[in-house]
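J.: 3D model of this:
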Amino acid sequence: MEEQNKQNMTDESEIDLMEILRKIIKIRRTLYKAAGIGLIFGIIIALSVPKHYTVEVTLSPEMGSSKGNSGLASMAASFLGAGATMSDGVDALNASLSSDIVSSTPFLLELLSMNVPVDGEKITFGSYLDTQSTPWWSYIIGFPGMAISGVRSLFSNEDETDGMRNGDSGAIELTKDESKKIISLKKSITAMMDKKTSITDVSVTLQDPKVAAVVADSVVRKLQEYIIGYRTSKAKEDCAYLERLFKERQEEYYAAQKKYAEYVDTHDNLILQSVRAEQERLQNDMSLAYQVYSQVANQLQVARAKVQEEKPVFAVVEPAVIPQESSGTSKKTYVTLFVFFFVAVVCGWKLFAEEFWDKLKREFV
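T.: Purely as a prediction, here's the structure:
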């Protein structure tokens, strides 16, 4: 009995498949038309989407947490004495912040002013972004917003040609054009870090392969400058403070030395006890001033060595290479997807949805 039921189910499935196959053969002309329409739409979309080229640069930064007294600073301290040491703090800027730095507004604003090669000429990167093409449907989608902006501009006297970089409050004010470009660049320029290896991959996607390579190289260099500037900022501040302190102590020592020398010269032949006491006091002041001056000088040498030591070392594992092939979805893929979509929609309608729709109409009409 069970074997007979299984046989019946198999026969019914075969009958259903044969029925579906007969329906597909029956509507094959309609499917050919759907495939043709999908082909046309696919070609239109494929030709409308501009080519994009992606350049990736792999960067391996040397990022440490706490170095202690090592390297140049340790060497300087060993020559100048145990008292000439400077404490090292934990590095607050690690490789994980690379993505945040690359997508920050000040960083991208600097990129807009750089020069890039376009058709044998040098133009600013911001001007190049204005020359990038967009699909025709983006104008249709953005037309309502453009119309509203145009109407507002008729009743507004605000001048939006110049954007303020930094106001009194330290905030950055951008023009609408700059804001659009910044938003676009945040999508086109990315930096991803591997948490295990700390290797950072910088990716730049633009419509011109040469411009993409130049921008990728500039992004890496500016990222290095940002990290180096931050890593050395504290050491530079300490060094500048010790420079000022060194000059002050030097002047104090020279003044005490001069005062002692003048007193000795004017009282050389006198053997009074009061003269000897004053001479001894001036000599002690000079010695104390020299000790302080010498200690500050030693600390200054250590601070100067530490500025160099704090500079991180970057290894560019994969440099910026001009791509030969475009990235993203290919034109063949667009055409194939649209042909498949139109054929699938027509098949679904003819085989299932049309019959169901007719039943609904008969029930409610």
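J.: residues in contact with Ile182?
T.: By Cβ atoms under 8 Å, 6 or more residues apart in numbering, the contact list for Ile182 reads 105, 108-109, 174. All C-beta spots, glycine's among them, are computed from the backbone N, C-alpha and C.
J.: can you pick the most crowded of those residues?
T.: Within the contacts of Ile182, neighbour counts (other Cβ atoms under 10 Å) peak at Leu108, which reaches 21 neighbours.
J.: quick check: next helix or strand after the strand or helix carrying it?
T.: Leu108 belongs to helix 105-112 when elements are defined using DSSP states H and E. Using DSSP H and E, the helix or strand that follows helix 105-112 in sequence is strand 115-118.
J.: what's the average pLDDT for that next one?
T.: For strand 115-118, mean pLDDT is 90.
J.: can you check stretch 332-350 too?
T.: pLDDT averaged over stretch 332-350 gives 89.
J.: mind listing what's buried along that stretch?
T.: The neighbour-count criterion (16 or more other Cβ atoms under 10 Å) identifies 334-335, 337-339, 342-343, 346-347, 349-350 as the buried residues of stretch 332-350.
J.: run the chain-centre distance for that stretch.
T.: 39 Å (Cα atoms, centre = their mean, to the nearest Å).
J.: neighbouring contacts of that stretch?
T.: Against stretch 332-350 from outside (Cβ under 8 Å, 6+ apart): 23-24, 27, 30-31, 34-35, 37-39, 41-43, 45-46, 49.
J.: where does pLDDT dip in this structure?
T.: 1-16, 61-96, 139, 142-143, 145-170, 270-271, 365 (pLDDT under 70).
J.: scan it for its longest strand.
T.: If you go by DSSP state E, the chain has its longest strand at strand 53-61.
J.: now it: buried residues?
T.: So strand 53-61, judged by 16+ other Cβ under 10 Å, has buried residues 53-57, 59-61.
J.: one more: stretch 197-205?
T.: Of the residues in stretch 197-205, those buried (16+ other Cβ under 10 Å) are 198-205.
J.: who touches that stretch?
T.: 52-61, 63, 94-95, 98, 102, 188-194, 212-213, 215-216, 219-220, 223, 317, 327-328.
J.: ok, back up a step: any chance of TSV for the buried residues of stretch 332-350, columns secondary structure?
T.: Shown next, in TSV, are those (DSSP: H, G, I helix; E, B strand; the rest coil):
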residue	secondary structure
Tyr334	helix
Val335	helix
Leu337	helix
Phe338	helix
Val339	helix
Phe342	helix
Val343	helix
Val346	helix
Cys347	helix
Trp349	helix
Lys350	helix
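J.: switch the residues you listed over to TSV; also include distance to Tyr253.
T.: Shown next, in TSV, are the buried residues of stretch 332-350 (distance: Cβ to Cβ, whole Å):
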residue	distance to Tyr253
Tyr334	79
Val335	83
Leu337	81
Phe338	84
Val339	88
Phe342	90
Val343	92
Val346	95
Cys347	95
Trp349	96
Lys350	100
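J.: tell me which two in those are the farthest apart.
T.: The most widely separated members of these are Tyr334 and Lys350, with 24.8 Å between them, by Cβ to Cβ.
J.: if we can go back for a sec, which strands and helices sit next to the helix holding Leu108?
T.: Applying 3 or more Cβ pairs under 8 Å, 6 or more residues apart in numbering; DSSP states H and E, one finds that helix 105-112 makes contact with helix 125-131, helix 176-188, helix 209-266.
J.: could those be laid out in CSV, adding distance to Asp285?
T.: Output for the helices and strands packed on helix 105-112, formatted as CSV (distance: least, Cβ to Cβ, whole Å):
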stretch, distance to Asp285
helix 125-131, 62
helix 176-188, 61
helix 209-266, 5
